[in-house]
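Asks: can't give you the sequence, but here's the structure:
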């Protein structure tokens, strides 16, 4: 590997513990990818700020639930948010650090008799990543609950954003006049609502029941977004175009749900890419609909 140009004095000064040659496939739900030259799991804002100001190639990793790393090694630094995961409640408002898992957040909200996130039950990943892609289900998205964000901009400076500073739509979140790919969401504030425990539990069970048809195995969640100008879901289009069971290497389109690609064992990034392209080609040739991937190739 090429080396980051980080000397020992720099590491000691920042009091950072970098891991070298980190296996990236172990950090994603799909289990695909090479190795990271450097890897770190910060647990406070000051470390994130220092890392952001380092002049090197960086990638921010949340829960790794919709990410496909390349088979080649990643030259640079992968920064994980997994240890930055605290939750604080203040009546109907919830302050959440970016690395908090959606599973933990939904469970804690339910315990506090707060409704509004039941749709997110069963969605993997972290709240930071969920906001970034406006993850959701049943016509709802996480971004609709966000009232404030604290971010690091590309210069490594803290900024507080309010509702007027961002917008969202289906599986999309944008920050006004800022390239979201160059910033890090550190913390968010969500507005929920008080409700009866039995009603929250019933709503949660309703969304869980809809996940029964999702396949078990290593995947990155739904492969494609549902198309905007079509009454059919991506899964239905893929099913109608006979994509179930398609294989490339150890990557296979699930027989249970056509919008899931599974890693049977040692699938490569190229296997996943080729299978995604074949599914897109089949659906476009037969229906004229161009599917847009929901998973992100790094």
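Replies: Perfect, I can see it now. Bear in mind that the values here come from a model prediction, so they are computed numbers and not experimental data.

Asks: low-confidence ranges in the protein?
Replies: 1-15 (pLDDT under 70).

Asks: Report how many residues lie close to residue 98.
Replies: Other residues near residue 98 number 26, with proximity taken as other CB atoms under 10 Å. Heads up, the C-betas are built off the backbone N, CA and C, glycines and all.

Asks: what residues are up against it?
Replies: If a contact means CB atoms under 8 Å, 6 or more residues apart in numbering, then residue 98 has 62, 81, 84, 126-128, 184-188 as its contacts.

Asks: Just want the phi and psi numbers for it.
Replies: Dihedral pair for residue 98: phi -60, psi -30, per degrees, to the nearest 10.

Asks: what does residue 222 give?
Replies: When quoted as degrees, to the nearest 10, the phi and psi of residue 222 stand at phi -60, psi 130.

Asks: Tell me if I'm right that it and residue 294 touch.
Replies: Yes - counting by CB atoms under 8 Å, a contact exists between residue 222 and residue 294, whose distance comes to 5.1 Å.

Asks: More neighbours: which of these two?
Replies: A side-by-side neighbour count of residue 222 and residue 294, using other CB under 10 Å, places residue 222 first with 22 against 18.

Asks: Tell me the spacing between the more buried one and residue 135.
Replies: Using CB to CB, to the nearest Å, residue 222 is found at 10 Å from residue 135.

Asks: still on that earlier bit, among the contacts of residue 98, name the ones in strands.
Replies: 184-188 (DSSP state E).

Asks: Most widely separated two among these?
Replies: Put simply, by CB to CB the two of these set farthest apart are 184 and 188, 11.9 Å from each other.

Asks: Setting aside sequence neighbours, what's the nearest residue to the residue nearest in space to the middle of the chain?
Replies: With distances taken as CA atoms, centre = their mean, the chain has residue 129 as the residue nearest its mean C-alpha position (3.8 Å). In this structure, residue 129 finds its nearest non-sequential neighbour in residue 62, 3.5 Å apart by CB to CB, 6 or more residues apart in numbering.

Asks: so that neighbour sits right up against residue 124, yeah?
Replies: No - under the criterion of CB under 8 Å, residue 62 is not in contact with residue 124, lying 9.8 Å apart.

Asks: Looking only at neighbour counts, state which of the two leads.
Replies: For residue 62 against residue 124, the residue with the higher neighbour count under other CB under 10 Å is residue 62, and the figures read 28 against 19.

Asks: Can you pull the phi and psi angles for residue 107?
Replies: Per degrees, to the nearest 10, the residue geometry at residue 107, taken as phi and psi, is phi -60, psi -40.
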